Every structure is written in C-alpha cells, then in structure tokens.
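**Student:** Fold the following.
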Amino acid sequence: MTQRAKTDSDGPEPGGGGEGAAALGMAIDAGAELDPVHPMRPPAPRFKPGGLSTAEVAERVARGDVNDVPVRSSRSTSEIVRANVFTRFNAIIGVLWLIMLFVAPIQDSLFGFVIIANTGIGIIQELRAKKTLDGLAVIGEAKPSVRRDGRTAEISTSEIVLGDVIELGPGDKVVVDGTLGEAEGLEIDESLLTGEADPVLKKPGDQVMSGSFVVAGGGAFTAGKVGRAAYAAQLAEEASRFTLVHSELRTGISTILKYVTWMMIPTSIGLVLSQLVVKDSDLKDSIARTVGGIVPMIPEGLVLLTSVAFAIGVVRLGRRQCLVQELPAIEGLARVDVVCLDKTGTLTEGGMDVTELRPLGGEDARYVEKVLGALGESDPRPNASLQAVIDAYPDNAEWRCTESLPFSSARKYSGASFSEGDGENNTWLLGAPDVLLSPGDPALEEIEALNRQGLRVLLLARSARELDDPAVADGVRPTALVVLEQRLRPDAAETLRYFEDQGVKTKVISGDNAVSVGAVAAKLGLAGAQNTVDARELPDTKADMAEALDGRAVFGRVTPGQKRDMVAALQSRGHTVAMTGDGVNDVLALKDADIGVSMGSGSEATRAVAQIVLLNNSFATLPSVVAEGRRVIGNITRVATLFLVKTVYSVLLAILVVCAQVEYPFLPRHLTLLSTLTIGIPAFFLALAPNKERAQPHFVKRVMRYAIPGGVIAAVATFVTYLLARHHYTGAGSLEAETSAATLTLFLTSMWVLVIIARPYTWWRIALVGAMGGAFLLVLVVPWLQEFFQLRLEGTVVPWTAVAVAAAASVLIEFAFRWVGRKFPA
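**Tutor:** I've put the predicted structure just below:
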C-alpha cells in the first residue's frame, strides 16, 4: 500500500519549536535516523536487530512513550457508576424523593430507598462482571514477541515502548505502528483498515499499521507509534474498547422508555394541576398523592434488571472460561439460526499426527524424509500441518535454505529452495494435492481414497521453477504423499447435535480438501455431510451463492475471501450468522458475522475481532452461551411485561383521575408496597431463573401486546372500585378506606398478571407467588403494618366488592392474554 508523502503545503507539524527540539535531541541521543526532508520532525526510531536495552526501555517508560491503549473488555469503574446513577429516570425520581422527604412521612419516601438499593445492586453486579472480564482479558490477551537485550520474550501489549523491536509471524496482529526491519515472505492483510481484500507483500523499510495482521511469512519491525498515536487506536479507541453488537433487547427497551417519557409529561402536568389547583384539600396530602401518581409511571427497574441479567450472564460464562468481549453478544448468539464452523481447531483439535509417508514414482523414502525435515526447519513459524511433519521428521540434513515461501491459506502451499550439499539445488513445495496437481493426475485417485477416510493429505512436489516465479506450482513433479490424522474434539459431536435439536443450521466451511472435510463431518454425525461441496465450484454472485449454501452443509477448499462472501450471502437471506474459527484465514468472516467466536488458542488477530473467546478451547462451551442468552432474552421479555403493565395502569389511572376531578387514590407508600410485591421481588427471581425457550424476535411487540390490555383492565377495575368506595363511604377517614379498597383490587389484579407471567409453574415459582400474597395479607392483618402503610379495610361490602371486581378483571386479563397470543403472534 502506498502512502502519500507529506509536503510543506500540508501544514505545520504538531507541537511547538521548543518541544520539537527537545524530542529531536532525545531522538539523536537514542541513535535514531533524521528525516532528510523535515529535519525538525521527530524521526522514526532506528531498527536495532537485538532490540532495546533495559536502560533504554526504562528511559522511554519514564517519559511516557508506552503503549497505554485502554483494555477493550470492559468499562471503567467510573463509567459503570455514572451509567447506573446518572439516568433520566433516577433524576426524576430523585427530585420527587427530595420533595417527599420534606412534605410527607418517611413511609411515603420508601420508593427513593428502593431506587438507591436497585442502583447499588446494578453497580455491584456490573463491577463483578468487570472483574471477571478483566481477569479473562488478561488470560486471552495477545502477547507479542519483543526483542530486548538480544533476547526474545512475550510481553503484554501495554508494556511495549517506542523503539521496541517486535517479531511477526502467521496469525500475529500488528499491535502498534512501525517500520519493518526484517521481512521474509511477509504478507500482511490490511483489509480491516483499508478495505483492500488482497494481502500486501512487505519488505524492509515498509510501514506496518496496527490493526492489520500477518497471513504468511515472518519479520520484525520497530515500534514507531504507540498508545493512542497508533493508527487503529486513533480510528476506534472508544468503539473497540466497549463496542456493542446490535442488541434488540436494549434497542427495544430504549424505544419503550422514549414513548413512556412522552406519555408521562402531559399526564404528569394534568395530574399536578388537578391535585394541587383544582382540588381544595390539604396541600401536603395533595403533593404526596401527585407524587404517588407520577412515580409508578416510571419502569425504573427494567433497565436495572436487564443490566444485572447481562452482568450475571458474563460472570456465569466467565466461570466456564468464556470471555464475552461485547455484552450483548450473549443475546446475539441466542438469536443465531446459522452457525458456520471452521473444521480445523473447532471440530478438530489443533494438533495432527503423521500416520504414513507414501513416496511416489520410486523416490527413496530416506531422501524424502530429509526433504521434509529441511522444509520444517525452513519455516520459523510452522502451522499445525508442518509442525506434525517436523515432529515426525526432525531435520538431520545439512542443507542450506536459499529461499523460502511461507504457507498461505489463499495459495494452499508453502515451499523452499535448498542447496543440498552435493552441489544440487532444488525447489520443493508442500501443500494441497488438488491445488498442486493437474485435474487428471493419477495420484489424485489415491488421495481421494485417503480423504474419504477423513485423513488429511499433503503433497510433496519438486518444481523446476524458481520459488519467486508466480507459476512455481505449474508442472510440478509429485514426490510423496504425507498422510495426517486429525484429532476430533471429543465434545464436537454432542455440540453439533445440540444445535440440530435447537433448529440451528450448521455449516462446516474449511480450506481443506472437500472430501476429507465431509468425512470428518460424517464421523461427527452432521446431517448432509455426504453432500460435500468444493467451494471452487460455488457461484460468485451473492444470490446464487446463498441458494447453494441453503441446500448444503459441508464445504471444502474455501478461501478466506469466500468465507467472508458466504457469511454475507447467508445474511442476505435474513439469517443471523455466527462464525467460529481460530486461524488467520477466519478473521474476515469473523469480523463480518453477526457474532464472531474464537478459540483461545487461535491467532491474535482472530481473538481481537471476535465478540466471544472460548479460552478453554472447548467447542462444547457454545451451548452454555446460547443457554445464557436464551435465559436473558426470555426472562427479560417476561419481566418487562410486569413493569409495563404497571406503567400503563399508572398513566391511565392518572388520566381517569384528571377527567373525573377526584383525588388520586394512592399515596407513594401504597404503590411502593404493590410494586415490591407484584413486580420488584418476583421480577428479580424470574429474571435470573433458567429459561430454555427459543429466542424470539420483535421484543417491543411481544411485550406491549400483553402490557397494554393488562394495564388497561387493571386501571379500569381499580378506578371502578375507587368510585364505588367513594359512593359508599362518607365522613372522616373515608379517603383512607377508599384507598384501601382500590389498593386491594389493584393488588389482586396485578397478582393475576404475575400468576400468568410465572407460567410454566415449578415449585419455587408457586412458592414465590404464594409468598407475595402472604406478605400482603400480613400487611392487612397486623395493626402496626396497617398503620405504617395506611391500609385498613372498613366493613365487608366494599372489600368483598373490591375482590369481586378484581376477580372479574383477572378473568378478562386471562382471556385477553390468550386472545392476543392467538391474534397477534410475535
């Protein structure tokens, strides 16, 4: 990639003259090379093959030239506190609470203490989640290899200083900007930064940018920009630190809260005017009843419970060594209907074993073993296949490697040229047989038979061309077949069955031979494994590719670019796609998928773009993530109905009071009691309970279709009881008796909504509902609780009328919920 040279017309360099001179002086002291065009520009640090000394590192740390980019995994403590404390609804409730502390008894201010407790719980749970995330992030953090004092060691990215020499190999992420000092067949993918799909061949002196990653070869570079000065950090410091994948739950709740705010404003104004201006009653009592009408309109616990549910999900998954880098990814994976799996490292373990070596064309087996040993020695960063070859055939030939070509997922082979000691020079390639051989080659039949057994086969071939010739693979002479056995993950078959049972389609997409991939998938019992597709035969257009993907399950010889195209094609059909992988060839597809899942042993680049990292490398952890997401989605949908029924009946009650020009029937203490027993405590337990229901879309529609009829019926029933009580009671203390009757109706009606929401029943759900009913009964019969909550049922006619109205309302709610479920399926 070419960079435009900066000219004087581009404007002045940052920083004043004094600072520039100081930086220049330090750079000269450090032995850096001056920029001949701009001698006052702080120059790039010079490449030192042995790296910085301990003293030079200490000097740079002292002047702050350290890579201090924030950790991605979580928000800071101050951000968590601010997000939980400084909310719009907390501000409204806080003002109302302060008013009530001055004008009413303490029991009418209980709602404020409840909000404080809720906020504290939210902060504590999110801090627990932060501690879990940060701990796991340290385990899963990329540890670049840095040369210091002539030795190479892995250090944390935050410990890198300006001028450090950082080594690169296949799959490594470039963590800071810099200039290459060494490069050997180094190919870097900059697509995440530039959008360019093809890897860029880099040479010494070229620039490398943070956020790119190595696809082939190796090298070393000098860190020229660190911390927030690095390119990727400038692009997306905030987004990469705590970005959120699309969350239908959070978006839906935000939409609901927006409409609630709009409804609250005019309703509250009308209530204030009717209670303080129109009604000629005690001022303090009018203020208390006005506040009592406004507070329950706010579904304050809904946001809290959503945050707590996500936070507890993070902690639970953290115990399974699953790092959730973006919290709503838990929800996202539960909504996925297609999972794309890379075979190597996901269905199979990372390691392989050489089971057989088959020389071809009468080649000497000992000579072939020497060639394989030399090829293994030529690559300082071998992949899993080459590592198996190295383990089986350690280098014992005193050959000199004159040139090497690292393995690339795009070309499917690696190679090296050797001076073999006897004056003979040869070029050797090792890679995919169906790529290196022409279609009619007789060796392909033998290879096909091995692939059908699920074995991986590499071809060793001699080339008559130079290694840097683009046509080096043309006309090669087959020399030997290297047969590798892949180790299947013991938990892979069970996990595939889980996804099949849950109606989630599984697609295996691999760069390996299609027949071999199909055989592995068949061993694991994957449906459709017998109809394997060679991805080289797939159509190029998105629509045609989507059609082919819908009908098949296993694909081989998929290039990194095709993986990305396949994800896009599935998404074009409305699928929510998860992609799992561990290799550098999976990065682009992981980035584009709705949810990217990486193995902890995967490349640095893969872990960096994934939303979920399985640190224990266990594919079997995925069902736990799906189950956690379903628990969050299903339970929040349930409890949201409880909260929004309250909001609807509170708004409608206020409107009815304004229209009828009567006192608001409740004080804040009454609605605090009702909210706690019918919503707050039950919602907390229901939100954290196990839930295996399949995740359903359209959160707002699913919640509001029940909340609106439930709230309307509850409000009308309560207001009818209140008017009947007003007609029956007269004289001193009548308002208290009227309030008590209305409270009884509203409690019983709300309890029936809870009874519906708690289904299907288990012993603890029945006990929960029973405990809430028993607590309210206790308030009605214990004298000091009657006094505290100002609840006293007078006579028998009105209380039994209140019960009858509540029973009728409960029947209507039951009927309405069933009718709505049939009429408006979500």
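**Student:** what helix or strand is E628 on?
**Tutor:** Assigned by DSSP states H and E, E628 falls within helix 622-660.
**Student:** and that helix, what's its mean pLDDT?
**Tutor:** For helix 622-660, mean pLDDT is 87.
**Student:** right, and the helix or strand after it?
**Tutor:** helix 668-675.
**Student:** Quick one: list the elements packing against that following helix.
**Tutor:** Contacts defined by 3 or more C-beta pairs under 8 Å, 6 or more residues apart in numbering; DSSP states H and E place helix 668-675 against helix 110-140, helix 283-294, helix 734-757, helix 783-789. Using the backbone N, CA and C atoms, a C-beta is placed for each residue, glycine as well.
**Student:** what's the closest of those to I330?
**Tutor:** helix 110-140 (10.8 Å; C-beta to C-beta).
**Student:** circling back: among the helices and strands packed on helix 668-675, show me which one is buried the most.
**Tutor:** Mean neighbours per residue, mean count of other C-beta atoms under 10 Å, is largest over those for helix 734-757, with a mean of 23.
**Student:** Could you list the low-pLDDT ranges of the stretch 701-826 of the chain?
**Tutor:** Along the stretch 701-826 of the chain, the model assigns pLDDT under 70 to residues 826.
**Student:** give me that answer again for 80
**Tutor:** 730-733, 824-826 (pLDDT under 80).
**Student:** Please, where are all the helices along it?
**Tutor:** 734-757, 763-781, 783-789, 797-823 (DSSP state H, counting those that start in this stretch).
**Student:** Redo these as TSV? Include distance to I679.
**Tutor:** Formatted as TSV, the helices of the stretch 701-826 of the chain follow (distance: least, C-beta to C-beta, whole Å):
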stretch	distance to I679
helix 734-757	8
helix 763-781	10
helix 783-789	17
helix 797-823	15
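**Student:** Out of those helices, the one nearest A449 is which?
**Tutor:** So among the helices of the stretch 701-826 of the chain, helix 797-823 is nearest, using C-beta to C-beta, at 56.6 Å.
**Student:** circling back to that earlier point, take the helices and strands packed on helix 668-675 and lay them out in JSON lines including distance to G602.
**Tutor:** JSON lines is the format used below for the helices and strands packed on helix 668-675 (distance: least, C-beta to C-beta, whole Å):
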{"stretch": "helix 110-140", "distance to G602": "10"}
{"stretch": "helix 283-294", "distance to G602": "53"}
{"stretch": "helix 734-757", "distance to G602": "42"}
{"stretch": "helix 783-789", "distance to G602": "58"}
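**Student:** quick one, which of these is nearest to V567?
**Tutor:** Of all these, helix 110-140 sits nearest to V567, with 23.0 Å by C-beta to C-beta.
**Student:** If you compare the directions of that closest one and helix 283-294, what angle comes out?
**Tutor:** 40 degrees (axes from the mean of the first three to the mean of the last three C-alpha atoms, to 10 degrees).
**Student:** Beyond helix 110-140, next helix or strand please.
**Tutor:** strand 145-148.
**Student:** Which is the succeeding secondary structure element to that following strand?
**Tutor:** For strand 145-148, the following helix or strand on the C-terminal side (DSSP H and E) is strand 151-154.
**Student:** what comes up buried for that next one?
**Tutor:** Residues of strand 151-154 classed as buried by neighbour count (16 or more other C-beta atoms under 10 Å): none.
**Student:** Direction included, what does it pair up with?
**Tutor:** If you go by DSSP bridges, strand 151-154 pairs up with strand 145-148 (antiparallel).
**Student:** The partner strand: which residues count as buried?
**Tutor:** V146, R147, R148.
**Student:** separation between the second one and H727?
**Tutor:** Right, the one you point to is R147. Distance from R147 to H727, counting by C-beta to C-beta, to the nearest Å: 90 Å.
**Student:** same question, the first one
**Tutor:** Counting by C-beta to C-beta, the gap from V146 to H727 is 84 Å.
**Student:** CSV for the buried residues of strand 145-148, including pLDDT and distance to F719?
**Tutor:** Listed next are those as CSV, based on pLDDT from 0 to 100; distance: C-beta to C-beta, whole Å:
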residue, pLDDT, distance to F719
V146, 93, 72
R147, 93, 78
R148, 92, 77
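**Student:** just those now: which is nearest R400?
**Tutor:** Taking C-beta to C-beta as the measure, R400 lies nearest R147 of these, at 24.8 Å.
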